[in-house]
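K.L.:
have a look at this prediction, sequence included:
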Amino acid sequence: MEGSKSPENRRREVAYLVNQYPAPSHSFIRREIHALEAEGWTVHRFTHRRSQAPLIDPLDRDEARRTCVLLDSGLNTFLAAGAYWLIRHPRRTLLTLRRSLADARTSQRPAIAHLGYFALACVLSRQLQQLGYPHLHVHFGTNPADVARLCRTLCNLTYSVTFHGPHEYETPDRLNLAGKIADASFIAVISDTGRRAMRACHSETEHKLVTVRCGLDPAWFTRPAFPVTQAPRLVCVARLDAQKNPLLLVEAAVLLAARGVAFELTLLGDGALRAEVERQITRHGLESSVLLRGWSTQQQVAQHLQACRALVLSSHDEGLPVAIMESYAVGRPAIAPDVGAVRELVETGITGWLVPPHDPVALADAIQECLEASEAQLLALGRRARERVQARHHIRASARLLEAAFDRAAS
């Protein structure tokens, strides 16, 4: 292969592809990349497009400077890349184009989108060729995995994918998962729940599955312990979108207010539902109790969590919420619905409150119980929560698991 490196020379080098990176809600990818670099890896960052959300955290702004945005390449670059592959490898290029159109027939995305993936694959493959064809690792089994699979067809590189949540494996036929998994060197999943779901979709791929949990960087585990506040303060760290379901949390807040329960709920995050959340807050007169703070830096998130009694989430579905890990790291329990892999982190009476999903009454009950809990109760929950996240979600340990998988892919 042109420009190819031997496995021995490329084993400490990897390329990462995400559809939007960096982004405020993708801190777990940034931490993973930084952990690999701390282990001596060279990581080349690629993204389809820039995040539409503002980059508040300096760490994200630094990542943006180090990331190649494929859709910023310009029309001439796309045409030149397509022409290059067509001239140098016509049969392989036409096969890749046919594959993209074949995928469109069963996909939830239109054919024009898959032609776009083909164009992205041509440009990315050219970039990776110039880097000596490092292994390509993709986050999310959606369109980045489509592009990676087309790159493999076009230039025979190796790739792998990390799958995160239910939206990636609940409609396997529409996402062409069988082909993506078959062509990948390995598939990383972030939880035991995700592993079971992938196995249910494609039992024959068990040998390709590697559990690599999202994790926190060491700075989270060296923060000093803070006493539990006596103020009735709660924090939600989540995007304001349908998946995170903030309107359910507002419903629970309405119920608490009707009961005469004093509380202060701070929402850290932003998204498409912000305007509707604001309308509901105003409609129910909750302006002094429910506060929208927008996106925050990692340092600001930690400070808000240290100053609250508990984290609260109201998600419609989830993978493995990093916000819960962050709350645990500073010794604060979590209140969260039993969706996705949340129960791998939250146990009622052990590390917080696990509530039935989509149930505002149950959520309000759990919040009220948390607000009425004694300092000793919250400290005990927080201590066990911190022990759990330290034992299972250190990013250095996760990076070493990926290292081993990358080494196997290279050889």
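P.N.:
Thanks, I have the structure now.

K.L.:
residue contacts, Thr142?
P.N.:
19, 167-168, 175 (Cβ atoms under 8 Å, 6 or more residues apart in numbering). Where you see a C-beta, it was placed from the backbone N, CA and C, and this is true even at glycine.

K.L.:
now do 7 Å
P.N.:
The contact partners of Thr142, by Cβ atoms under 7 Å, 6 or more residues apart in numbering, come to 19, 168, 175.

K.L.:
filter these down to just the ones in helices.
P.N.:
Per DSSP state H, helices hold the following members of the contacts of Thr142: Glu168.

K.L.:
of the contacts of Thr142, closest to Arg274?
P.N.:
Of all the contacts of Thr142, Arg274 sits closest to Asn19, with 21.6 Å by Cβ to Cβ.

K.L.:
looks to me like Val43 is in a strand.
P.N.:
Yes: under DSSP: H, G, I helix; E, B strand; the rest coil, Val43 sits within a strand.

K.L.:
contacting residues around the closest residue to it other than its chain neighbours?
P.N.:
Among residues not flanking Val43 along the chain, Ile33 sits closest, at 5.0 Å (Cβ to Cβ, 6 or more residues apart in numbering). Ile33 sits next to 16, 43, 45 when contact means Cβ under 7 Å, 6+ apart.

K.L.:
gap between Ile33 and Thr42?
P.N.:
11 Å (Cβ to Cβ, to the nearest Å).

K.L.:
what do you get for Phe28?
P.N.:
In terms of Cβ to Cβ, Phe28 sits 20 Å off from Thr42.

K.L.:
these two: who's more crowded?
P.N.:
Neighbour tally, Phe28 and Thr42, criterion other Cβ atoms under 10 Å: the higher count belongs to Phe28, 24 against 13.

K.L.:
got phi/psi on the residue sitting furthest away from the middle of the chain?
P.N.:
The C-alpha centroid of the chain is most remote from Ile87, which lies 38.0 Å away (Cα atoms, centre = their mean). In terms of degrees, to the nearest 10, the main-chain angles of Ile87 are phi -80, psi -40.

K.L.:
look at it and report its pLDDT.
P.N.:
We note a pLDDT of 98 for Ile87 in this prediction.

K.L.:
now the residue nearest to Val43, what are its backbone angles?
P.N.:
Backbone geometry at Ile33, expressed as degrees, to the nearest 10, gives phi -60, psi -50.

K.L.:
could you do Ala310 as well?
P.N.:
phi -160, psi 160.

K.L.:
hey, what's it bridged with?
P.N.:
Leu234 (DSSP bridges).

K.L.:
that one - how many residues pack around it?
P.N.:
By other Cβ under 10 Å, neighbour count at Ala310 equals 26.

K.L.:
poorly predicted segments of the chain, please.
P.N.:
1-11, 170, 172-173 (pLDDT under 70).

K.L.:
mind listing the strands for it?
P.N.:
13-20, 42-49, 67-69, 135-139, 159-163, 186-189, 209-211, 233-237, 264-268, 290-294, 310-312, 334-337, 352-355 (DSSP state E).

K.L.:
of the ones you listed, which is nearest Asp217?
P.N.:
strand 42-49 (14.9 Å).

K.L.:
paired strands for that closest one, with orientation please.
P.N.:
Strand 42-49 is paired, per DSSP bridges, with strand 13-20 (parallel), strand 67-69 (parallel).

K.L.:
ok, and what's touching the last one?
P.N.:
Counting contacts by Cβ under 7 Å, 6+ apart, the residues outside strand 67-69 that touch it are 21-22, 45-47, 49-50, 127.

K.L.:
so how far is Ala405 from Ala184?
P.N.:
Distance from Ala184 to Ala405, by Cβ to Cβ: 11 Å.

K.L.:
list residues touching both of those two?
P.N.:
Common neighbours of Ala184 and Ala405 (Cβ under 7 Å, 6+ apart) are Ser160.
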